[in-house]
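[1] my questions concern the predicted model and sequence given below.
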Amino acid sequence: MAGNAPAVIRLMSESLASKIAAGEVVERPASVVKELVENALDAAAAHIAVLCEEGGRRLIRVTDDGSGIGEADAPLLLVRHATSKIRDEEDLEAITTMGFRGEALSSIAAVARLRIRTRTRESVSGVEVRAEDGEVTIVEAGCAPGTTVEVRDLFHNTPARRKFLRTAGTEFGHVMETVRRAALAHADKSFRLVHGGKTVFNCPPSSLADRVARLMGEEVLEGMGEVDARAMGPKGLDIRGIVGRPELTYPAPKALYTYINGRPVRDRTVTRAVLDGYGGLVAAGRYPAAVIFIDMPPSEVDVNVHPAKTEVRLRDGSAVYRAVRAAVERALRRGGGGGGG
């Protein structure tokens, strides 16, 4: 080795490393909304409100009435990999929460101006956490029980990322789809979405059928059949939801929503099973309208594939495929109906 060669490997600054790591979690405003809504759901919120300005580029505010965060935990809110949801490696085999990696808030704080106001129901007062350009302040605050998170000026300190954002309309379209996915999975909770001062949708707690009609349209609900099946055997798969009439199809899977243990997922095996359940009723290259929920033991699915948590690995994909396909086939044979609750 050359004794006088200058060192070319250097340790990144904490700020630079945080911005790079944030890129895996925060791709665009919709990524922020997804993480914050998931936190609200994990906090057992009954009411979730999302407000955006300029497609979420200027402001995202998510408010919930969940459990809130106590003063003692506030200093850990923005510490990477600090989480209340798992404790050890064994917990990865039994994940039941939407979030678990402890990366979301720290990643958002690395690329935006962040303010969190939160209070537990047992506390007389709440706490406010502010973060901007690596500076964090924590003060006592008066606020209602629950949590409000404000994210301003996304990517203000990473112009290379900001320039790749699309128009406000395009970015808000992704935000709206993110909230729609969550609202379809949790019809028992209320969801409100506001953009530019205008309410886009306001969904009170309802049945799944009513939620589908409100978010996907009455024409989608018409003729839908209920999926309600339990696959016999050791896997214990529960499959429920609704499937649309075969005549209503789209050139892309924009109306095909699939969930595993309440988590919206993109999985080829599940999508293929739904399509094959329709058989020859849907032309090649077309996609039906359907909302399918698959519940299985957490040990049978690995959700720790990517920070976005939309990709999963199934321990027995063949069993899931067979069960979903059979459930869709049965629902279509039974014909229309009103959808599930």
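    Perfect, thanks for sending it. For clarity, every value in this text was computed on a predicted model and none was experimentally measured.

[2] C-alpha only now, for contacts and for neighbours.
    OK.

[3] show the end-to-end separation of stretch 230-248, please.
    For stretch 230-248, the first-to-last residue distance is 27 Å (C-alpha to C-alpha, to the nearest Å).

[4] can you give me the buried ones in that stretch?
    Residues Arg230, Ala231, Leu237, Asp238, Ile239, Arg240, Gly241, Ile242, Val243, Gly244, Arg245, Pro246 are the ones in stretch 230-248 that count as buried (16 or more other C-alpha atoms under 10 Å).

[5] do stretch 168-186 as well
    Quick answer for stretch 168-186 (16+ other C-alpha under 10 Å): 171-172, 174-176, 178-186.

[6] next one: stretch 159-166
    For stretch 159-166, by 16+ other C-alpha under 10 Å, it's Arg162, Leu165.

[7] ends of it, what's the gap?
    Stretch 159-166: ends 13 Å apart by C-alpha to C-alpha.

[8] now it: how far from the chain's centre is it?
    22 Å (C-alpha atoms, centre = their mean, to the nearest Å).

[9] what residues does that stretch touch?
    Arg28, Leu154, Phe155, His156, Glu171 (C-alpha atoms under 8 Å, 6 or more residues apart in numbering).

[10] which one of the residues you listed sits in the busiest neighbourhood?
    Ranked by the number of neighbours (other C-alpha atoms under 10 Å), those place Leu154 first, at 27 neighbours.

[11] quick one: it from Arg162, how far?
    Taken as C-alpha to C-alpha, the span from Leu154 to Arg162 is 8 Å.

[12] which neighbours do those two share?
    Joint contacts of Leu154 and Arg162 (C-alpha under 8 Å, 6+ apart) do not exist.

[13] any chance of the buried residues of stretch 168-186 in TSV, plus pLDDT?
    Output for the buried residues of stretch 168-186, formatted as TSV (pLDDT from 0 to 100):
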residue	pLDDT
Glu171	98
Phe172	98
His174	98
Val175	98
Met176	98
Thr178	97
Val179	98
Arg180	98
Arg181	97
Ala182	98
Ala183	98
Leu184	98
Ala185	97
His186	97
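
[14] in helices only, show me those residues.
    Secondary structure from DSSP state H places 171-172, 174-176, 178-185 of the buried residues of stretch 168-186 in helices.
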